[in-house]
Each structure stands twice: as C-alpha cells, then as structure tokens.
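Visitor: Any chance you can model this:
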Amino acid sequence: MRTVIPVVEDVVVVAVDAAVGDVEEVAEADVEDAAADRINKNDTMKNNKHTGLYLIAGLALLLPFLYIHTWNPFSVKGPLFLSFYMLLMLIVYADIVLLNWYLTGKGDTLRYAGLITGAILVLGVARVIQGLYNAKPVGYLVLLLLLHLAISGLMGRRKIAS
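Guide: Predicted structure coming up:
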C-alpha cells in the first residue's frame, strides 16, 4: 500500500501542475482578448465621433431646401433657384473643406465628396435642360455650373497632390 500512495500523489501533483499551466494560458488569452476589445472600443468611439461630423455636415445640406420652402428644386422660379444653387454649392464646398481639415492626419478621407458634387452638377444640368426646354434664360446658371466645375477641378487636383 505504501507504493501506491506516492504514485497517486505524483499523479495528483502532475494533474495540479497541468491545471495551473492551463489557468496561466487562459489568463494570458483573457488579457490579450481584453486588449483587443479595448482597441476595438477605441476604434468604435472614433468612428462614432466621425459619424457625428458627417451627420452635422449632412444636416447642413438641408438649409438650402429650407430656404426655398420645398423639397423639389425644379418647382421654384429662376432667381430663387439661382440663390438655392449658390447656397447649396457654398455649403457643400464648406463641408468638404472643413471635414478635410478636421480629418487630416486621422486616416479618414471623404469618400463621397465626388458623389455629392456630381449630384449637384447633375441637378444644375437638369435645370439648364428644363430652362432651355421652356425657353427661359439660363446664362447665370451656366456660369454657376462653370464655377462649380472649376472649383471641383481645383479641389480634386489638391487632393491628388496631397
């Protein structure tokens, strides 16, 4: 009987050592998981902060529509549409410049700036076509479209250069 007890003690000691090793490995894995969760939480908070900036910039785009008191810019008369279009251009380019300035060096870019400016250009071209179809003067709107193209080109060149 004396020979059996040391074998059992050795088996118990080996089992305890193995269990302690497993606990240490689990503890290291928990520390790594906690660090990864903290990094993911910081990234999420950063993205949430930038989402707020994009939301504010998007809400600013509502101002021209509030100015003309309708959601349909094709239903307003010429001079009111021209002021709407100028205000829309001003707000969009101010948003682009301010967001680029704020997000510089933080690894974020404005992904949809070209899409938004393109949509504004399409709106202006559609209004020119509507004016020509209805035999209305469209000279000032054409000048605004040329200004829009020039500013878009300058901003696009600046993004490529930097």
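Visitor: Okay, Y102 and A113: tell me how far apart.
Guide: 14 Å (Cβ to Cβ, to the nearest Å). No exception for glycine: its C-beta is placed from N, CA and C like everyone else's.
Visitor: Let me fix that, I meant to ask about M86.
Guide: Distance, M86 to A113, using Cβ to Cβ: 19 Å.
Visitor: More neighbours: these two, which one.
Guide: A113 (20 against 15; other Cβ atoms under 10 Å).
Visitor: My guess is the more buried one contacts I96. True?
Guide: Yes. When contacts are counted by Cβ atoms under 8 Å, A113 is listed as touching I96 (5.0 Å).
Visitor: P137: what secondary structure?
Guide: In three-state terms, and counting by DSSP: H, G, I helix; E, B strand; the rest coil, P137 is coil.
Visitor: Share the number of residues neighbouring it, please.
Guide: Neighbours of P137 using other Cβ under 10 Å come to 10.
Visitor: Show the backbone phi and psi for it.
Guide: Main-chain torsions, P137, degrees, to the nearest 10: phi -70, psi 130.
Visitor: what sits up against stretch 84-101?
Guide: Stretch 84-101 is contacted from outside by 53-54, 57, 60-61, 63-65, 67-68, 73, 76, 110, 113, 116-117, 120, 123-124, 127, 141, 144, 147-148, 151, 155, 159, using Cβ atoms under 8 Å, 6 or more residues apart in numbering.
Visitor: Would you quantify the distance from A135 to I91?
Guide: Using Cβ to Cβ, we find A135 at a distance of 31 Å from I91.
Visitor: no no, K77
Guide: Applying Cβ to Cβ to K77 and I91 gives a distance of 21 Å.
Visitor: just A150 next, same as before
Guide: Distance of A150 to I91, computed by Cβ to Cβ: 18 Å.
Visitor: okay, these two: which has more neighbours?
Guide: I91 (16 against 10).
Visitor: pLDDT below threshold where in this structure?
Guide: Low-confidence segments of the chain (pLDDT under 70): 1-50, 105-111, 157-162.
Visitor: In it, mark out all the helices, start to finish.
Guide: For the chain, the helices defined by DSSP state H cover 4-60, 63-68, 78-103, 113-133, 139-161.
Visitor: how far off helix 139-161 does the fourth one point, in degrees?
Guide: By that I understand helix 113-133. Using axes from the mean of the first three to the mean of the last three Cα atoms, to 10 degrees, the inter-axis angle of helix 113-133 relative to helix 139-161 is 160 degrees.
Visitor: Buried residues of helix 113-133, list them for me.
Guide: Residues 113, 116-117, 120, 123-124, 127-128, 131 are the ones in helix 113-133 that count as buried (16 or more other Cβ atoms under 10 Å).
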